[in-house]
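*Asks:* just coords:
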């Protein structure tokens with residue numbers, strides 16, 4: 001019935017335990033914001049660090065993120081809007097022509113775990129759809145993913161579309177995916193590149209700081 005138990009349940013990827021521990025903590029009068037930051041987000045930060053250190057791998061990250069989501073499902077109704085959206089709003093999607101979503105989904109989970117409100121546009125997202133999402137949601141950043149080399153031009157076209165509609169300066173653009181490099185990010189005018197989901201969440205925080 002403690003924040004430490006929530007932290008441990010998320011770290012271990014125990015979704016049922018994470019949810020029940022959040023319920024118990026709320027019943028005991030623990031502040032929802034303390035559960036969010038000291039339990040859930042702190043656990044996902046640790047998971048990300050273990051991944052970067054080579055002690056956790058993608059399956060461990062996925063089950064931890066799912067446990068975090070179970071905890072958040074219980075916690076969200078008790079959080080004020082400013083608490084849940086504290087880190088910022090991110091629109092993410094896999095670019096036009098590409099239907100791969102595992103990496104993009106993992107980025108969404110890790111960013112959610114870092115306290116971001118995540119709006120997931122799915123796969124095969126056109127430049128126009130990204131632009132419309134920026135118009136509708138006024139996010140702090142957008143994250144574009146691509147696994148196929150042939151779909152990399154869609155990232156550049158999306159940035160161009162943002163420029164043409166006057167929205168480019170209003171949003172940070174991050175990109176990632178197997179064929180993506182820092183050089184490519186620089187070439188197309190993206191604000192940041194992350195090689196994996198854990199670093200994407202950290203980069204997002206850094207770029208917004």
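*Replies:* On my side now, so go ahead. Fair warning: this is a prediction, and the values are worked out from it, not measured in the lab.
*Asks:* gap between the residue lying closest to residue 103 once chain neighbours are set aside and residue 25?
*Replies:* Of all residues not flanking residue 103 in the chain, residue 145 sits nearest, at 5.6 Å (CB to CB, 6 or more residues apart in numbering). All C-beta atoms are positioned from the backbone trio N, CA, C, and that covers glycine. Per CB to CB, to the nearest Å, residue 145 is found 34 Å from residue 25.
*Asks:* Neighbour count: those two, which is higher?
*Replies:* residue 145 (30 against 23; other CB atoms under 10 Å).
*Asks:* The more buried one reaches residue 106, doesn't it?
*Replies:* No. Contact between residue 145 and residue 106 fails when scored by CB atoms under 8 Å: they sit 9.6 Å apart.
*Asks:* Model confidence score at residue 167, please.
*Replies:* pLDDT, residue 167: 97.
*Asks:* would residue 38 count as being in a helix?
*Replies:* Yes. Counting by DSSP: H, G, I helix; E, B strand; the rest coil, residue 38 is part of a helix.
*Asks:* Tally up the residues packed near it, please.
*Replies:* 16.
*Asks:* hmm, back to that, how far away is the residue nearest to residue 103 from residue 192?
*Replies:* Distance from residue 145 to residue 192, by CB to CB: 13 Å.
*Asks:* where do the contact lists of those two overlap?
*Replies:* residue 175 (CB atoms under 8 Å, 6 or more residues apart in numbering).
*Asks:* What distance do you get for residue 167 to residue 135?
*Replies:* 7 Å.
*Asks:* ok, residue 208 to residue 160 distance?
*Replies:* 23 Å.
*Asks:* what does residue 25 give?
*Replies:* For residue 25 relative to residue 160 (CB to CB), the value is 48 Å.
*Asks:* Ok, residue 179 next?
*Replies:* Where residue 160 is concerned, residue 179 sits at a distance of 19 Å (CB to CB).
*Asks:* go on, residue 136?
*Replies:* Taken as CB to CB, the span from residue 136 to residue 160 is 20 Å.
*Asks:* between the two, who's got more neighbours?
*Replies:* residue 160 (14 against 10).
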